[in-house]
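Asker: Sequence and predicted structure are below.
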Amino acid sequence: MTEIFKGIPEIKYEGADSKNPLAFKFYDKDRVVLGKTMREHLPFAMAWWHNLCAEGADMFGRGTANKSFGKKVGTMEHAKAKVDAGFEFMKKLGIEYFCWHDVDLVPEADDIKETGKRLDEISDYILEKMKGTGIKCLWGTANMFGNPRFMNGAGSTNSADVYCFAAAQVKKALDITVKLGGRGYVFWGGREGYETLLNTDVKFEQENVARLMRMAVDYGRSIGFKGDFYIEPKPKEPMKHQYDFDAATAIGFLRYYGLDKDFKMNIEANHATLAGHTFEHDLRISAMNGMLGSIDANQGDFLLGWDTDEFPYDVYTATKAMLEILKAGGLPGGFNFDAKNRRPSYTEEDMFLGYILGMDTFALGLLNAAKIIEDGRLDAFVKERYSSFDGAIGKKITSGKATLAELAAYAEKMGKPELPGSGKQEYLEQLINQILFK
Ligand code: XLS
Ligand code: NI
Ligand code: NI
């Protein structure tokens, strides 16, 4: 097999003092943190679409990067070259998982039967490549947003024929996920939403989305898929209103339609911030509902209001995210870099630099979160903050046995309560800085 990324060595851990851009400064895969290696804590995944397909085109200009890997784009030779490139890339970085959409793997044909054949062929090739590498599939998904037929959505479309086409895509993508041993299957509802209520029956559309998900679960289980289904919430873009707005909305939807046992959340940092939340907020909401599945590791830009999919470099955010993930006992899924290089970073070396940045950022987040947990002051503060509920009346409330009249009688006897105690936010913020930078 000829080397594709010539001149790029295997990326090693060299430590924080290293001046080598092609080395990890913080991600030391065998280092043990809170009883597990970094590698076990951080199952990183490569996103097929950004890394092997996207060339950096934006609304104002075409791509700047060349992802042909020496073959004609749009051919099966090219699809195979992407597999070769992807596996060389993952091996050189020590990445053990990958994620894909059906149309990232092969060029889509006009006839879905032909696309299906191409997917069979490429997945045979991928399976062959996987042998002996330890590299695995994290999750698969069907792209039900790119083709013009999905302009009004897939599960939420107004066209029964388009709905059936979407069903066929989901079925095939599930077949390939199972064939590759994927841990999960994702529904990202990019076009499941609407532009105007004037032409939309929201209830009808949501019911149809739930029906498609139910059929996917039934089919997946029937072919032996044991992993989790994931919803990846996003509030907008491309649609103005998207049904899976955020974790809380998606969880409510899953519960309402009885899908909560089979689904978890795939939380993307940049989607959480588009919804007006922090990344850690959506992680907390998912975790407390027992639905923290996987994450799409990226970040947005403070000044831009869209999904910029940048490689994560914000260590504070990574720290707070890892705090949530550690407290939830880790992820059943993994850390998929749904991230792309900036358009002017167009070289093959830049592809590696992006992943090194992201992996080092999450390694730092892990180390910092472990320090915060080991320090213990933050957890102790939160526990103490609610300690009034450890008293007799508090216990009565939390046991669910109190009545409103009883509490009213207690309040009347008391006259007026003391103020609830300072939240000490500024103290906690300096505490975090102290732990991080001492
Ligand atoms: C787009 C989404 C998409 C999903 C997979 O914003 O992040 O890339 O992760 O369909
Ligand atoms: Ni994503
Ligand atoms: Ni996204």
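Answerer: Looks like it arrived, so ask away. Ligands and ions are numbered 1, 2, ... in the order given.
Asker: What distance do you get for Leu119 to Lys29?
Answerer: Distance, Leu119 to Lys29, by CB to CB, to the nearest Å: 32 Å. Quick note: C-beta positions are derived from backbone N, CA and C, even for glycine.
Asker: between these two, who's got more neighbours?
Answerer: When neighbours are counted by other CB atoms under 10 Å, Leu119 comes out ahead of the other of Leu119 and Lys29, with 22 against 18.
Asker: Pull up the residues of the stretch 301-438 of the chain that are close to ligand 2.
Answerer: Residues of the stretch 301-438 of the chain found near ligand 2 (CB under 5 Å from the ion) are Asp338.
Asker: what are the phi and psi angles of Phe24?
Answerer: phi -80, psi 140 (degrees, to the nearest 10).
Asker: how about the nearest residue to it, chain neighbours excluded?
Answerer: Nearest residue to Phe24, sequence neighbours excluded (CB to CB, 6 or more residues apart in numbering): Tyr13, at 4.4 Å.
Asker: and that neighbour, backbone torsions?
Answerer: phi -80, psi 120.
Asker: what about it, how many neighbours?
Answerer: 18.
Asker: Give the buried residues for the host helix or strand of Leu431.
Answerer: If you go by DSSP states H and E, Leu431 is part of helix 425-437. By 16 or more other CB atoms under 10 Å, the buried positions in helix 425-437 come out as Leu431, Ile432, Ile435.
Asker: Touching, the first one and Ala380? I think so.
Answerer: In this case it means Leu431. No. With contact defined as CB atoms under 8 Å, Leu431 and Ala380 do not form a contacting pair (10.8 Å).
Asker: Tell me the one of the buried residues of helix 425-437 nearest ligand 2?
Answerer: Distance to ligand 2 across the buried residues of helix 425-437 (CB to the ion) is lowest for Ile432, with 27.8 Å.
Asker: Now do the contacts for that closest one.
Answerer: Thr319, Ile372, Leu378 (CB atoms under 8 Å, 6 or more residues apart in numbering).
Asker: Tyr13 too?
Answerer: With CB under 8 Å, 6+ apart, Tyr13 has these contacts: Ala23, Phe24, Lys25, Tyr27, Asp28, Lys29.
Asker: Could you dump the residues you listed into a markdown table and include distance to ligand 1 and pLDDT?
Answerer: Conversion of the contacts of Tyr13 to a markdown table gives the following (distance: CB to the nearest ligand atom, whole Å; pLDDT from 0 to 100):
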| residue | distance to ligand 1 | pLDDT |
| --- | --- | --- |
| Ala23 | 29 | 99 |
| Phe24 | 25 | 99 |
| Lys25 | 27 | 98 |
| Tyr27 | 23 | 99 |
| Asp28 | 28 | 98 |
| Lys29 | 25 | 98 |
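Asker: Can you flag which of those belong to strands?
Answerer: Those of the contacts of Tyr13 mapping onto strands are Ala23, Phe24, per DSSP state E.
Asker: Helices of the stretch 301-438 of the chain, start to end?
Answerer: 315-327, 348-375, 377-385, 392-398, 404-414, 425-437 (DSSP state H, counting those that start in this stretch).
Asker: Tell me which of these sits nearest to ligand 1.
Answerer: With CB to the nearest ligand atom as the measure, helix 348-375 is the member of the helices of the stretch 301-438 of the chain nearest ligand 1 (14.8 Å).
Asker: on contacts alone, who are the packing partners of the closest one?
Answerer: If you count contacts as 3 or more CB pairs under 8 Å, 6 or more residues apart in numbering; DSSP states H and E, helix 348-375 packs onto strand 23-24, strand 32-33, helix 38-41, strand 44-47, helix 76-93, helix 315-327, strand 335-337, helix 425-437.
Asker: how much does it deviate in direction from helix 377-385?
Answerer: 50 degrees (axes from the mean of the first three to the mean of the last three CA atoms, to 10 degrees).
Asker: residues from the stretch 1-150 of the chain in reach of ligand 1?
Answerer: His101, Thr141 (CB under 6 Å from any ligand atom).
Asker: What parts of the stretch 151-300 of the chain come near ligand 3?
Answerer: Checking the stretch 151-300 of the chain against ligand 3 by CB under 5 Å from the ion, the hits are Glu268.
Asker: Where does the stretch 151-300 of the chain get nearest to ligand 1, residue-wise?
Answerer: For the stretch 151-300 of the chain, CB to the nearest ligand atom, closest residue to ligand 1: Trp188, 3.5 Å.
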